[in-house]
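Trainee: please find the sequence and the predicted model below.
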Amino acid sequence: MPALSFQLTATDNNSKARAGKITTDHGEIVTPIFMPVGTVGSVKAVTQQQLKEDVKAQIILGNTYHLYLRPGIEVLEAAGGLHQFNGWDRPILTDSGGYQVFSLAGTRKITEEGVWFQSHIDGSKHLFSPENVMDIQRSIGADIIMAFDECPPYPSEYSYAKKSMELTHRWLDRCFERFNNTTNKYGYTQNLFPIVQGSTFKDLRINSCQFVSSKNATGNAIGGLSVGEPDEQLYEMCELCCDNLPVEKPRYLMGVGTPWNILECIALGVDMFDCVMPTRNGRNAMLFTSKGVINIDNKKWEKDFSPIDDGIDCEASQYYSKAYLRHLMKSKEILGLTIASVHNLSFYMHVVKQAREHILQGDFLSWKNQQVEIWKTRL
C-alpha cells in the first residue's frame with residue numbers, strides 16, 4: 001500500500017510559507033492545517049458531526065497515553081481501531097504519549113529502556129518503551145503515528161538537553177526498527193513521523209534535524225517548543241528547524257499555539273499544527289474572533305445580541321449571539337461549552353484556510369502582518 005504523500009502546491013514570494021496537500025488512506029488534507037485535539041478519542045464537548053460540518057476539520061488527534069489507559073487497547077482492537085470506535089472516517093494522528101508521561105514528573109522514571117509511570121486513574125504502574133508505543137499506536141489505528149521522545153522542560157541546562165536529545169535519537173532508532181518489523185492494522189497504511197528535539201540550543205536543533213531527516217520518513221515533527229519559552233525563541237527555533245528539514249516532506253509543529261503563533265510559524269515554513277488552546281480557552285470563556293479576543297464572561301456582552309462572529313464560516317458563530325453565549329456560560333450550561341469550543345475551532349480553521357488562500361494569491365506576508373495585530377486585540 002502507498003505511504004502518505006505530500007504535494008507542495010505553492011510557496012509565498014516574501015516568506016517561507018507554503019501551501020500543499022497531504023494524501024492518506026483516509027482522505028486528503030490541504031495545508032497549512034490545524035488539527036483539533038481529541039485526547040481520549042473525543043474533542044471535548046464537540047461531536048464528530050460538528051467537527052465535520054461546522055468546524056470543517058480534516059484530521060483530528062488522539063492521545064496514546066489516555067487511550068491506552070482508557071478504554072484500553074483490547075477495546076480499541078475489538079472495535080477495529082479508533083476510526084471505527086469513534087465514527088471518524090477522516091485521517092487521525094496519535095501523539096506518542098511522551099509529553100503526557102513527562103508531565104507526570106512526580107510519578108515517572110526515565111530509563112534507557114523507556115519510561116515507567118503511574119496511571120492518573122488508579123495509580124497502577126506501566127512502562128512505555130519505543131517498541132510498545134509503536135505497537136499501541138498501531139492498535140489505536142492512526143494514519144500518522146508519532147515517535148516516542150523525551151520532551152525536556154524549559155529552561156533546560158545544555159548538558160541535560162543534549163543528553164535528552166541523544167536518548168530521543170536512540171529511541172527513534174528503536175521506534176523505526178519496531179515500526180518496520182510490524183505491519184499496518186485494519187487494512188490501511190500507517191505512517192511514522194520522527195520528532196526533532198534539542199530545547200532552545202541551535203546546535204542541538206540542527207543536529208536533531210539532521211538525524212531525523214536521515215530517517216527519510218513520510219513527514220517530520222518539531223517537538224519541545226511552546227513549553228514556556230518566549231515567543232521570540234519559539235520562532236527562532238521553529239525557523240531553524242524548518243530550514244534544516246526536507247522541503248518535500250510535511251512539517252508538523254507540535255502543541256502550538258495562539259492564532260498569531262500559528263500565522264507566524266506558517267510564515268517560517270510549518271504545515272501542520274495542533275493545540276488544546278481553542279477548546280480549553282473556549283471552555284474558560286475566552287473566544288478568538290475575526291475582530292480580536294473576547295472574554296465572554298465580561299458584563300459588556302450581557303446585552304450584545306450581535307452574532308458571536310459573522311466574519312467566519314461557522315453556523316454556530318453566526319447563529320448564536322454574544323449575550324446568549326454569555327448567559328449559558330454564566331449559568332454553567334453545557335451547551336455554552338459546546339458553542340464556545342465549536343466557535344474557537346472554526347476560527348482556527350478559518351485562520352489556516354485564509355493563510356492558504358493568501359499563500360496561493362502571493363500576498364501572504366502583508367496579510368499576515370495585518371491580521372496578527374487585529375486578532376491579538378482585546379475587545
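Mentor: Now that the structure is in, tell me what you want to look at.
Trainee: and the lowest-mean-pLDDT helix or strand in the chain, what does it pack against?
Mentor: Within the chain, no helix or strand scores below helix 98-103, which has a mean of 80 by mean pLDDT, DSSP states H and E. Contacting helix 98-103 under the criterion 3 or more C-beta pairs under 8 Å, 6 or more residues apart in numbering; DSSP states H and E are the following elements: helix 64-69, strand 108-110, strand 115-118. C-betas here are computed from N, CA, C, even on glycine.
Trainee: excluding residues flanking it in the chain, which one is nearest residue 202?
Mentor: For residue 202, ignoring the flanking residues on the chain, the nearest one in space by C-beta to C-beta, 6 or more residues apart in numbering is residue 240 at 6.0 Å.
Trainee: what's the neighbour count on that neighbour?
Mentor: Neighbour count of residue 240, defined by other C-beta atoms under 10 Å: 19.
Trainee: that one contacts residue 204, doesn't it?
Mentor: No - counting by C-beta atoms under 8 Å, residue 240 stays clear of residue 204, with 10.2 Å between them.
Trainee: not counting sequence-adjacent ones, nearest residue to the spatially most central residue of the chain?
Mentor: Computing the C-alpha centroid of the chain and ranking residues by C-alpha atoms, centre = their mean puts residue 274 first, at 2.0 Å. Distance criterion C-beta to C-beta, 6+ apart; nearest residue to residue 274, sequence neighbours excluded, is residue 35 at 4.3 Å.
Trainee: I'd assumed residue 38 was in contact with the residue nearest to the centre of the chain.
Mentor: No - with contact defined as C-beta under 8 Å, residue 274 does not count as touching residue 38 (9.9 Å).
Trainee: overlap in contacts of these two?
Mentor: Each of residue 61 lies in contact with both residue 274 and residue 38 under the rule C-beta atoms under 8 Å, 6 or more residues apart in numbering.
Trainee: can you map out the strands along the stretch 1-150 of the chain?
Mentor: For the stretch 1-150 of the chain, applying DSSP state E, counting those that start in this stretch gives strands covering 5-11, 18-24, 27-31, 33-35, 60-63, 92-95, 108-110, 115-118, 125-128, 144-146.
Trainee: using TSV, please lay out those together with distance to residue 219, mean neighbour count and mean pLDDT.
Mentor: Shown next, in TSV, are the strands of the stretch 1-150 of the chain (distance: least, C-beta to C-beta, whole Å; neighbours: other C-beta atoms under 10 Å; pLDDT from 0 to 100):
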stretch	distance to residue 219	mean neighbour count	mean pLDDT
strand 5-11	7	15	98
strand 18-24	8	21	98
strand 27-31	10	19	98
strand 33-35	12	24	98
strand 60-63	14	24	97
strand 92-95	10	27	98
strand 108-110	26	14	91
strand 115-118	24	18	93
strand 125-128	22	16	95
strand 144-146	7	27	98
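Trainee: any chance of the ones you listed in JSON lines, plus distance to residue 318?
Mentor: JSON lines is the format used below for these (distance: least, C-beta to C-beta, whole Å):
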{"stretch": "strand 5-11", "distance to residue 318": "29"}
{"stretch": "strand 18-24", "distance to residue 318": "27"}
{"stretch": "strand 27-31", "distance to residue 318": "23"}
{"stretch": "strand 33-35", "distance to residue 318": "20"}
{"stretch": "strand 60-63", "distance to residue 318": "23"}
{"stretch": "strand 92-95", "distance to residue 318": "29"}
{"stretch": "strand 108-110", "distance to residue 318": "45"}
{"stretch": "strand 115-118", "distance to residue 318": "44"}
{"stretch": "strand 125-128", "distance to residue 318": "44"}
{"stretch": "strand 144-146", "distance to residue 318": "32"}
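Trainee: what bridges to residue 115?
Mentor: On the basis of DSSP bridges, residue 115 is bridged to residue 110, residue 128.
Trainee: excluding chain neighbours, what is closest to the residue of the chain most remote from its centre?
Mentor: In terms of distance from the mean C-alpha position of the chain, residue 303 ranks first, at 35.8 Å (C-alpha atoms, centre = their mean). Nearest non-adjacent residue to residue 303, counting by C-beta to C-beta, 6+ apart: residue 323, 5.8 Å away.
Trainee: let me know the secondary structure of the one you found.
Mentor: Put simply, residue 323 is helix when judged by DSSP: H, G, I helix; E, B strand; the rest coil.
Trainee: in the stretch 151-300 of the chain, which segments are predicted with low confidence?
Mentor: Within the stretch 151-300 of the chain, no range satisfies pLDDT under 70.
Trainee: now do the helices in it.
Mentor: Secondary structure of the stretch 151-300 of the chain (DSSP state H, counting those that start in this stretch): helices at 158-180, 202-213, 231-244, 259-267, 277-283.
Trainee: closest to residue 53 out of these?
Mentor: With C-beta to C-beta as the criterion, residue 53 lies closest to helix 277-283 of the helices of the stretch 151-300 of the chain, at 17.0 Å.
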